[in-house]
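> need a structure here:
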Amino acid sequence: MALHAFELLQLLPAVANNKASVVASALDMWEDSLWIGTNEGHIVYHHLTSELSSGQTKTIKCNYKKQTTIIPHKPITQLTVAPRQRKLLVLSESCLYILFMDNLNHMESHKHVQLKNVSRFCVDRSHDPTEDGVFEITVVFKKGAIKSYELVGNVLTPNKRLKEFREAQEILDMEREGRALLVAQRDAYYRIDLLTTSKKHITNVGTATPRVKWLQQNEFLVVHGAGAQALAICIQANGEPLRSPMQWVEGPTSIAFTYPYVVGMYPSVGTLSVFSILDLAPVQVFDCKEPTMLFDVADGQILVARGRSVLLLALTSFHAQISHLISEGLVDEALTLMEATISKELEEVDDANEADEIKKKRRRLRRDAGLALLGQRNFKRGFELLQKALTPPGALLPLFPLLSTGALKVKQTRISASAPFSSIDDIVESDEQRAQAYISLARYMEAVRSKLTRNDLVTVDTALVIIYAMYEGESLNAFVAREDTQCNIEQCASFLASKKKLHALACLHAQAGQYRKALEIWRSLQEDATQVDPDYPGVEYVIDVLSNMDASNPTQVRDLVFRNIDWILPIAPEACVHIFTAKSNTENQHLFPPPAVLDRLADFHTAKMIYLEYLVLTMKSEDEHYHTTLAMMLLDAVKRTRLENDNKRRVNVPVDEEKLASLRHRFQRVLKSSKRYDVDKLNRFLDDTDFHAERAIVYGRAGQHEKALRLLVYDVEDHRLAEEYCNETTEGDRKMRQYLFRLLLQVYLHPSEGKHPMTAEAVKMLNSDLSDLNVVDVLKIIPDHWSLSVVGNFLRQAIRSDVHYLRTTQLTKGLARSENTQLHKERMMLHQQRVVMDEEHAKCMVCGRDLAPNGQVGPFVRYPNAIITCLGCGSDPYVCPKTGKRFSTRHKTVHKATASSSDV
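From the prediction side, this is the model:
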């Protein structure tokens, strides 16, 4: 219980200086006014003033103002102030009196007593006493009647909205909020609805003295006794429990509340105990002999009646309470109190400036709490709070010696000076904890760096490089290679070199555009055995850097690549090709002329072959030499791989069939895609092989289609491939396709010497969806003895296909003719439009050039949106150069024109 939530001050040493028997029986206070009801029937009015001594000790003085007597020698049992009505409600001898709070005169001089036979009354807490409006009370009469009243001006009238009803059992205590009345009776607590008079049981009283206390909106407190202990139960206005109960050693005889503390009075032990409703824990205890009653009043104050004297429990500022908790290391308790009180303050303010001040206070407290958590070695949570407090990371760096006395040499700041420790080394107990502290700082800086200014970002990024170099190598390499890293290059390079972080150093130079230095370091890591960095991922990383260099300076890129390619190629020749193919085709050709690249790759067969594939298949090079060289290299690779596999089979070694299949696929792809290779040369090298599929493709390129089809049918024996050959070779030409299928039918029915006709395959092809045959040609080729049932299905399909083709063609021609007519009409209408310009306005609407320099309008361009330009500005007929509007490329609506002088 380290929290000092209240100060106990003596407010009045004696209620009546000359009478020892006079004690306070009822108290209330508003602003700087205090009213005391005594056991002798007096109402004493005091004015309060407070002073601070030179030692900052607070002293409150009571200045006597006025006194009146209600009923001599009869105690005042209840006293309540109604501030907006400027009234006091006083209960004495079962009579309710209403007095003016300033002069203590009765509200009606001819009728002092307002209500008689009153047992007790309570105020409706749903109304803000500081606001204009009615002041409502609920009164319990001695015969059990319960009735509500409204005080408006100088008139107390019954509340007609709420019903009067009776309770047979005596009500010992009660509180009201709106229509909800919570009452304590001898056996239990109940919630009564004043609108419907319905009654709901809440809980039993138990062994405790019945007590009901209104705490705040929609929250009451009742005390339940369980043996020697007591439970303080928080109840909502609907009668349902709100939170877990507080455990008390015994039931208090009196209760007071000011958010967020409940104060209980225990005369048997002479103490006042303070409990928090936020964490249900005791926070403070005061020694107070013979207290008689507690009264909570406005502004967070609690009055204590003790014999002849009156004491004041003054709530200390929440900022002071929270700061005290933080200084004691009770950060969780401080945060709980802070979040609750700040949220409540923000709800109650309307002024934006006040709200900003409250938020600033919250940030300061969060920062202090975060620093305290760092001092407790709770680094993760501490930095989370510092981030919420918007603490600049640079202000924390002086707490970390690696950064404050090392390469960075940051200076002490106001924030770092306010920390409960001077250095992180003072609080850590092991190297592991030290590493955790620095890594947590790095995570914090990573999270906030996007919101920093340029200068702060340089400091933070430099600190990140240093931390990662010491404690997290993987993060270091990724961080220094990022495009948005803004660290101090010189400081970081010096530090990384001293720690032998050579790969990270190279990445740092590359990120800064210093590629020459970076490549020198990577080369030393690759070739110099004395230079070792376990974080270096290998030459593939260097290849990736070279592949992604900015091409804005092509000379520099070309020089760097060709200067370093010779030491990279022997290590990863195939991967090196990516350097020359990573960018767009135009950029690659400009940066790396193919002859120069092929010259460098001359000794690396596989790499050269991959690059030639790029030239032929991707760049669509028209150089026949590249096409032929690639085809020959792939053929040679296929032959060598097959020979290797045959040799392995002889000695029972597993063979790599996938490699051979992949090479043959690549070879066939080149043969099919390319039209530039030397067909005769390929035929010469393929004639003595059994690569029948490849030979068929080359025959097709040479126009020897029948020869190709006989290879596929009788040597490869792949009829599906033969049909695909007929479809793929024609490139959409139907006549050519029908010609090839006719050849294929002839190959089936008229085989080579020594072969048998393939009648079944011929019939199957006739009925295949892939085939496309002319009916007349088929009837000429098939044997005369074939019956109609054999070719009937083909004839039906072929005739239907021809009719469909004819109709589709006619429809296409009709649509084309219609579109052509429409375009002619639009063109004619556009040409009929006249463009009228005078000499003063005959200017290009983009560049301002004079279109009629000699009084005669020259050629110009007019766009559909009436923009007129010179020929230079109107170079793109489909995009307006002034507005950027794009016009349909289908309608050629932009016209170049020459105007005659009559148009000027």
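> tell me which strands and helices the lengthiest helix in the chain is in contact with?
Ranked by residue count under DSSP state H, the longest helix found in the chain is helix 788-832. Helices and strands touching helix 788-832, by 3 or more C-beta pairs under 8 Å, 6 or more residues apart in numbering; DSSP states H and E, are helix 759-766, helix 775-781. The way it works is simple: take the backbone N, C-alpha and C, and place the C-beta from them, glycine included.
> reformat these as CSV; add mean pLDDT, mean neighbour count and distance to Lys411.
Converted to CSV, the helices and strands packed on helix 788-832 look like this (pLDDT from 0 to 100; neighbours: other C-beta atoms under 10 Å; distance: least, C-beta to C-beta, whole Å):
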stretch, mean pLDDT, mean neighbour count, distance to Lys411
helix 759-766, 85, 17, 89
helix 775-781, 82, 14, 95
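> in JSON lines: the ones you listed, plus distance to Glu644.
Listed next are those as JSON lines, based on distance: least, C-beta to C-beta, whole Å:
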{"stretch": "helix 759-766", "distance to Glu644": "36"}
{"stretch": "helix 775-781", "distance to Glu644": "46"}
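> to Val836, which of those lies closest?
With C-beta to C-beta as the criterion, Val836 lies closest to helix 775-781 of the helices and strands packed on helix 788-832, at 63.8 Å.
> which neighbouring elements make contact with that closest one?
Packing contacts for helix 775-781, counted by 3+ C-beta pairs under 8 Å, 6+ apart, involve helix 734-749, helix 788-832.
> winner for burial among those?
For the helices and strands packed on helix 775-781, the largest average neighbour count (mean count of other C-beta atoms under 10 Å) is found in helix 734-749, namely a mean of 19.
> angle of it against helix 788-832?
Here the directions of helix 734-749 and helix 788-832 differ by 170 degrees (axes from the mean of the first three to the mean of the last three C-alpha atoms, to 10 degrees).
> low-confidence ranges in this structure?
1-2, 17-18, 52-58, 109-111, 227, 405-409, 731, 769-770, 839-840, 888-904 (pLDDT under 70).
> so which helix or strand takes in the residue nearest the centre of it?
Closest residue to the average C-alpha location of the chain: Ala447 at 11.8 Å, with C-alpha atoms, centre = their mean. Ala447 is part of helix 431-448 when elements are defined by DSSP states H and E.
> now that helix - C-alpha only, PDB.
In PDB, the C-alpha atoms belonging to helix 431-448 read as follows (Å, rounded to 0.1, in the frame of the first residue of the first chain):
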ATOM      1  CA  ASP A 431      24.900 -10.600 -21.600                       C
ATOM      2  CA  GLU A 432      21.700 -12.200 -22.700                       C
ATOM      3  CA  GLN A 433      19.600  -9.500 -21.000                       C
ATOM      4  CA  ARG A 434      21.800  -6.800 -22.500                       C
ATOM      5  CA  ALA A 435      21.200  -8.300 -26.000                       C
ATOM      6  CA  GLN A 436      17.500  -8.400 -25.300                       C
ATOM      7  CA  ALA A 437      17.500  -4.800 -24.300                       C
ATOM      8  CA  TYR A 438      19.200  -3.700 -27.500                       C
ATOM      9  CA  ILE A 439      17.100  -5.800 -29.700                       C
ATOM     10  CA  SER A 440      13.900  -4.500 -28.000                       C
ATOM     11  CA  LEU A 441      15.200  -0.900 -28.700                       C
ATOM     12  CA  ALA A 442      15.800  -1.900 -32.300                       C
ATOM     13  CA  ARG A 443      12.200  -3.200 -32.700                       C
ATOM     14  CA  TYR A 444      10.900   0.000 -31.200                       C
ATOM     15  CA  MET A 445      13.000   2.100 -33.600                       C
ATOM     16  CA  GLU A 446      11.800   0.000 -36.600                       C
ATOM     17  CA  ALA A 447       8.200   0.600 -35.500                       C
ATOM     18  CA  VAL A 448       8.500   4.400 -35.400                       C
END
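> circling back: so how far is the longest helix of the chain from its chain's centroid?
57 Å (C-alpha atoms, centre = their mean, to the nearest Å).
> any chance of the helices and strands packed on helix 775-781 in a markdown table, with distance to Ser584 too?
Formatted as a markdown table, the helices and strands packed on helix 775-781 follow (distance: least, C-beta to C-beta, whole Å):
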| stretch | distance to Ser584 |
| --- | --- |
| helix 734-749 | 35 |
| helix 788-832 | 35 |
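> distance from the one helix or strand Leu221 maps to to the middle of the chain?
Element membership for Leu221 (DSSP H and E) is strand 219-226. How far strand 219-226 lies from its chain's middle: 44 Å, per C-alpha atoms, centre = their mean.
> and that strand, what's buried?
Buried positions in strand 219-226, judged by neighbour count with 16 or more other C-beta atoms under 10 Å: 219-225.
> compute the first-to-last residue distance for stretch 781-793.
17 Å (C-alpha to C-alpha, to the nearest Å).
> please name the nearest non-neighbouring residue to Pro534.
Spatial nearest neighbour of Pro534, excluding adjacent residues (C-beta to C-beta, 6 or more residues apart in numbering): Gly473 at 7.9 Å.
> of the helices and strands packed on helix 775-781, which is nearest Asp187?
Closest to Asp187 of the helices and strands packed on helix 775-781 is helix 788-832 (C-beta to C-beta; 96.1 Å).
> now the next helix or strand after the closest one - C-alpha only, CSV.
Next helix or strand after helix 788-832 toward the C-terminus (DSSP H and E): strand 859-862. C-alpha atoms of strand 859-862 as CSV (Å, rounded to 0.1, in the frame of the first residue of the first chain):
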residue,chain,number,x,y,z
PRO,A,859,-1.4,22.2,-92.3
PHE,A,860,-2.8,21.5,-88.9
VAL,A,861,-4.4,18.8,-86.8
ARG,A,862,-8.0,18.9,-85.4
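> now do strand 859-862: which elements does it pack against?
strand 868-869, strand 895-898.
> is the nearest residue to Cys847 once chain neighbours are set aside in a helix, a strand, or coil?
Among residues not flanking Cys847 along the chain, Cys873 sits closest, at 5.5 Å (C-beta to C-beta, 6+ apart). Under DSSP: H, G, I helix; E, B strand; the rest coil, Cys873 falls in the coil class.
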